[in-house]
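Peer 1: heads up, no residue letters with this:
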């Protein structure tokens, strides 16, 4: 899981993205296995969208492999009332955006790709820190000062 400080960074990025692109109706970052990292999706069941994103991601990865198109980068779905766009966000997360039908798709891609890259950096860095083995504790050294010994004067 992503630590709370990084979750807040991801949520801040989602909120900045929604402020920059007013026709976005929702944004969520999830792990590639469908667990929510952060979400700003009013009126949408985020857990279900994250799970469906993971399923769509699995199919998309198989499609890019089968057709020799390289690693997954993004997926765009257009429905009658708008778009769902999913972008790679580092090695272990994805960004899914929900947008109104009148959005400029070029702007959606531009902003989505940028936000996905930033979110990917945050999530991957947190994952790298979590995967690093914890160094064993150092043995405590005695902090006592050496004892002074005196010898009687031999006069």
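Peer 2: All right, it came through fine. The structure displayed is predicted, hence computed values, not measured ones. Residues are numbered from 1 along each chain as shown.
Peer 1: Where do the helices of this structure begin and end?
Peer 2: With DSSP state H as the criterion, the chain has helices at 4-20, 46-66, 105-131.
Peer 1: between those, which gets nearest to residue 95?
Peer 2: Closest of the helices of the chain to residue 95 is helix 105-131, at 4.4 Å (criterion: Cβ to Cβ). Using the backbone N, CA and C atoms, a C-beta is placed for each residue, glycine as well.
Peer 1: distance between the closest one and the chain's centre?
Peer 2: Using Cα atoms, centre = their mean, to the nearest Å, we find the averaged C-alpha position of helix 105-131 to lie 6 Å away from the chain's own average C-alpha position.
Peer 1: Run through the neighbouring helices and strands of that helix.
Peer 2: Taking 3 or more Cβ pairs under 8 Å, 6 or more residues apart in numbering; DSSP states H and E as contact, the helices and strands that helix 105-131 lies on are helix 4-20, strand 24-31, strand 74-79, strand 82-89, strand 93-100.
Peer 1: can you list the ones you listed in JSON lines and add mean pLDDT, mean neighbour count and distance to residue 115?
Peer 2: Below are those laid out as JSON lines (pLDDT from 0 to 100; neighbours: other Cβ atoms under 10 Å; distance: least, Cβ to Cβ, whole Å):
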{"stretch": "helix 4-20", "mean pLDDT": "93", "mean neighbour count": "16", "distance to residue 115": "5"}
{"stretch": "strand 24-31", "mean pLDDT": "96", "mean neighbour count": "24", "distance to residue 115": "8"}
{"stretch": "strand 74-79", "mean pLDDT": "97", "mean neighbour count": "14", "distance to residue 115": "12"}
{"stretch": "strand 82-89", "mean pLDDT": "97", "mean neighbour count": "23", "distance to residue 115": "8"}
{"stretch": "strand 93-100", "mean pLDDT": "97", "mean neighbour count": "24", "distance to residue 115": "6"}
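Peer 1: Thanks a lot, catch you later.
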